[in-house]
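Undergrad: this one's sequence-less:
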């Protein structure tokens, strides 16, 4: 059996056959490569390439561990900020520097945090504000952006059922 493998490899080494790399799709002459059966000891150039690949994999593994740690820390910070934001949006109307009477505020929390009926507490509503409260670098989500566009276009209705 070993003779068959060896004679086959020898035949390939002396051939004019071309092959195509499955990764880069480049063609190459088979006789220009290092051919071996993988059952015995690897040729020196293959052993060297194997060591280089192992070293590269270890370096990439360390890099991934650092990125994972960084991602864990970032995820934790974002989760804390999000949780803090959820608490702040609920208590902000009661904050004395909020500049809106708490009696004018109605909490929705989703998709916007508050609807403020300016003047409601005095029985004289002058305008209505859709307000979303953000902390840090928070941005409107897609639903909130759609609501903002509809309000800006003054495409708002009042209905009774």
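TA: Received the coordinates, thanks. Everything quoted here is computed from the prediction, not taken from an experiment.
Undergrad: separation between residue 11 and residue 122?
TA: 98 Å (Cβ to Cβ, to the nearest Å). C-betas here are computed from N, CA, C, even on glycine.
Undergrad: for residue 116, same thing?
TA: 13 Å.
Undergrad: all helices for the protein, in order.
TA: In the chain, the helices defined using DSSP state H lie at 2-13, 44-91, 142-152.
Undergrad: residues contacting residue 149?
TA: By Cβ atoms under 8 Å, 6 or more residues apart in numbering, the contact set of residue 149 is empty.
Undergrad: who does the residue nearest to residue 129 when sequence neighbours are not counted bridge with?
TA: Excluding the flanking residues, the one nearest residue 129 by Cβ to Cβ, 6 or more residues apart in numbering is residue 116, at 4.2 Å. Under DSSP bridges, the beta-bridge partners of residue 116 are residue 105, residue 129.
Undergrad: residues in contact with residue 116?
TA: Contacts here follow Cβ under 8 Å, 6+ apart; on that basis residue 116 touches 100, 104-106, 128-129, 131.
Undergrad: tell me the buried residues within these.
TA: Buried members of the contacts of residue 116, counted by 16 or more other Cβ atoms under 10 Å: 100, 104-105, 128.
Undergrad: of those residues, closest to residue 137?
TA: Nearest to residue 137 among the buried ones among the contacts of residue 116 is residue 100, at 23.6 Å by Cβ to Cβ.
Undergrad: which regions of the chain lie under the pLDDT threshold?
TA: 1-2, 69-71, 73-74, 80-90, 92-94 (pLDDT under 70).
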